[in-house]
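Engineer: sequence and predicted structure are below.
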Amino acid sequence: MRLLILEDRRADADLAVASLAAAGVRCEAIIVDTRHAFIEALAAGPEAVIADYVVPGFGAVEATKLVTARLPYVPVIVVSGRISDEEAAAIIRDGASDFVPKDHLERLADGLRSALAEMRLRRERAEAQALLQRVVDGTRSAIVAVAPDGTISLANTAVTQMTGFSPGALVGTRFLDAFRAVEGSPMAAALERAMAGEEDGTFETEIVGPDGSTRTLVGRLGTLTHDGAATGVVVSAEDVTTQRELEGRLRQAAKMEAVGQLAGGIAHDFNNLLTIIIGLCSLVQEQLEDADPEVREDVAQVALAAERAAGLTRQLLTFSRRHETLTETIDAAAHVAEMVPILERLVGADIALEARLAHDAGMISIDPTQLSQILINLAANARDAMPDGGRLTVEARRILADGRAPGPHVGRPSGAYLMLAASDTGEGMDEATQERVYEPFFTTKEIGKGTGLGLSTVYGIVTDAGGHLSLRSEVGRGTTFEIYLPLVAEEVAVA
């Protein structure tokens, strides 16, 4: 055994070595009596250290601290001829493995063997803990061990994205404080049942993320037991926010596709009938030039109603993407600027219209008439949401979207987009209304005051142009529609 001895009396050091040899402990001893020599000897990697409590200019207290810091699994045995019980207890607390009086060196070998065994066990435990930590850190799910008092005893690196804290900082923190669940979450009850050993189960909950956003977690709990009694709970949780957003969009897209096919089929057939009606009305009007004026007026009203009905069918065909378009490459901000005076007249004097148009918003490929229709429909929707006046802000600027990140672009191609937004200070919408807002003929307006086709037409135009939409609204706080249209020849991947 490589043994380092700190002792200023050579005779005492020799007695220690002889005592160990007599007990069958063979060692190669390096004996030093200064701090400098001790530090040099530590670099050689001793397997154990014996230190005299009092060495001029140095001593066992400082030596123990050096060994603990540099060689945490090397035991330190302190020997001394004069030391109080309080001093002996203090140095044990500071990291020494044992204390042996110089007049009882026959106890040195047993103390050394015991200390070496304890250090081996401590090293094995640390290595097992490190291996476990590497294993759990290698998983994408957050893994947390919760003690019976509700505090975290182990966590992997995946928890940082969910809580904002490092695994080390979470140890000792209450699990329910680290994972801040929203009101009504089933997580606390599930943890309590698992801690009581009643059941291993799963839960889905929303938490407040480190950036203040709401995240959706799916978790599984497993009870740890010893001799039949629960000793803790292991929680594995996965952030499924992006997955839930994609699932919701897929359901919405499937619903809109089904509605679009139905509406498009009906509109197509109805449009054929209207073409016949309009054509016959035109023929009848030519044949009634000398007829009673009231008769001619009645026929004119029939023709006008048919034209209006044809306009509705065109909106339905646009929503279902069956309407032919003439796309052009246009300067988005310039086109919006041209539309501002028209929008101001549309919303009226009680609503202040602010246009925030970036000069480098970029070029998009779209039918200019349809872009105008988008702006008019959004402005009309905002106007109706502010019957007592308010503010409408129209914005056009370039953005870089990351389709891998949670948010409005998740699942979309990454790259450069025109972001066209319309924000009002109106009545806002509840969640139930937001879920149906793009459906054809859905409207919250009074009967006769809306067709329910404005926003569905916007949806059809945007999706047909390869874009997507985002809606934010809160009752009493207003509404923001954001439309993202891909910029021409500027597909820039986000790293």
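Structural biologist: Cool, the structure landed.

Engineer: which residue is the nearest non-sequential neighbour of Thr480?
Structural biologist: Spatial nearest neighbour of Thr480, chain neighbours left out: Ser423 (4.2 Å); criterion: C-beta to C-beta, 6 or more residues apart in numbering. Where C-beta positions appear, they are placed from N, C-alpha and C, glycine not excepted.

Engineer: can you give me the end-to-end span of stretch 309-328?
Structural biologist: One end of stretch 309-328 to the other measures 28 Å (C-alpha to C-alpha, to the nearest Å).

Engineer: residues contacting Phe165?
Structural biologist: Val159, Thr173, Ala178 (C-beta atoms under 8 Å, 6 or more residues apart in numbering).

Engineer: and it, which of the three is it?
Structural biologist: The three-state label for Phe165, taken from DSSP: H, G, I helix; E, B strand; the rest coil, comes out as coil.

Engineer: quick thing: my sequence starts at 31, can you match it?
Structural biologist: Noted, 31 is the first residue going forward, which turns the last one into Phe195.

Engineer: my read: Asn369 touches Ser402, true?
Structural biologist: Heads up, residue 369 is Met, not Asn. Yes. Met369 lies in contact with Ser402 (C-beta atoms under 8 Å); the separation is 5.9 Å.

Engineer: quick check on these two: which one has the bigger neighbour count.
Structural biologist: Neighbours per residue (other C-beta atoms under 10 Å) separate Met369 from Ser402, with Met369 holding more: 20 against 16.

Engineer: tell me which element that one is part of?
Structural biologist: Counting by DSSP states H and E, the element that carries Met369 is helix 362-377.

Engineer: may I have that helix as PDB, with CA atoms only?
Structural biologist: This file holds the C-alpha atoms of helix 362-377, laid out as PDB (Å, rounded to 0.1, in the frame of the first residue of the first chain):
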ATOM      1  CA  ALA A 362     -46.500  43.100 -50.200                       C
ATOM      2  CA  ALA A 363     -45.900  46.400 -48.200                       C
ATOM      3  CA  ALA A 364     -46.500  48.600 -51.200                       C
ATOM      4  CA  HIS A 365     -49.800  46.800 -51.900                       C
ATOM      5  CA  VAL A 366     -51.000  47.100 -48.300                       C
ATOM      6  CA  ALA A 367     -50.000  50.800 -48.400                       C
ATOM      7  CA  GLU A 368     -52.300  51.300 -51.400                       C
ATOM      8  CA  MET A 369     -55.100  49.700 -49.600                       C
ATOM      9  CA  VAL A 370     -54.800  51.900 -46.400                       C
ATOM     10  CA  PRO A 371     -57.200  54.700 -47.700                       C
ATOM     11  CA  ILE A 372     -59.800  52.100 -48.700                       C
ATOM     12  CA  LEU A 373     -59.500  50.400 -45.300                       C
ATOM     13  CA  GLU A 374     -59.800  53.800 -43.500                       C
ATOM     14  CA  ARG A 375     -63.100  54.500 -45.300                       C
ATOM     15  CA  LEU A 376     -64.300  50.900 -44.500                       C
ATOM     16  CA  VAL A 377     -63.700  51.100 -40.700                       C
END
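
Engineer: contacts for the helix or strand that it is followed by?
Structural biologist: Downstream of helix 362-377, the next assigned helix or strand under DSSP H and E is strand 381-387. Contact partners of strand 381-387, identified using C-beta under 8 Å, 6+ apart, comprise 363, 366-367, 370, 373-374, 377, 412-413, 416, 419-427.

Engineer: which residues are in contact with stretch 502-514?
Structural biologist: 404, 408, 411-412, 415, 420, 429, 431, 438-439, 442, 447-460, 464, 488, 492, 497-501.

Engineer: hang on, the earlier thing: which one (most neighbours) among the contacts of Phe195?
Structural biologist: Using other C-beta under 10 Å as the neighbour test, these are led by Val189, with 24 neighbours.

Engineer: so which strand or helix has the nearest residue to Pro105 once chain neighbours are set aside?
Structural biologist: Distances taken as C-beta to C-beta, 6+ apart put Ala145 closest to Pro105, at 3.5 Å, once the chain neighbours are dropped. Using DSSP H and E, Ala145 sits in helix 138-167.

Engineer: which helices and strands does that helix pack with?
Structural biologist: helix 40-52, strand 78-82, strand 106-110, strand 128-131, strand 182-185 (3 or more C-beta pairs under 8 Å, 6 or more residues apart in numbering; DSSP states H and E).

Engineer: quick one: it to strand 106-110, angle?
Structural biologist: 150 degrees (axes from the mean of the first three to the mean of the last three C-alpha atoms, to 10 degrees).

Engineer: show me what the residue nearest the centre of the chain bridges to in the sheet.
Structural biologist: Nearest to the mean C-alpha position of the chain, by C-alpha atoms, centre = their mean, lies Arg245 at 5.8 Å. Counting by DSSP bridges, Arg245 forms beta bridges with Ile237.

Engineer: the residue nearest to Pro105: how many residues sit nearby?
Structural biologist: Ala145: 19 neighbours (other C-beta under 10 Å).

Engineer: repeat that for the one 4 residues further on.
Structural biologist: One way to gauge burial is a neighbour count; for Met149, by other C-beta under 10 Å, it gives 19.
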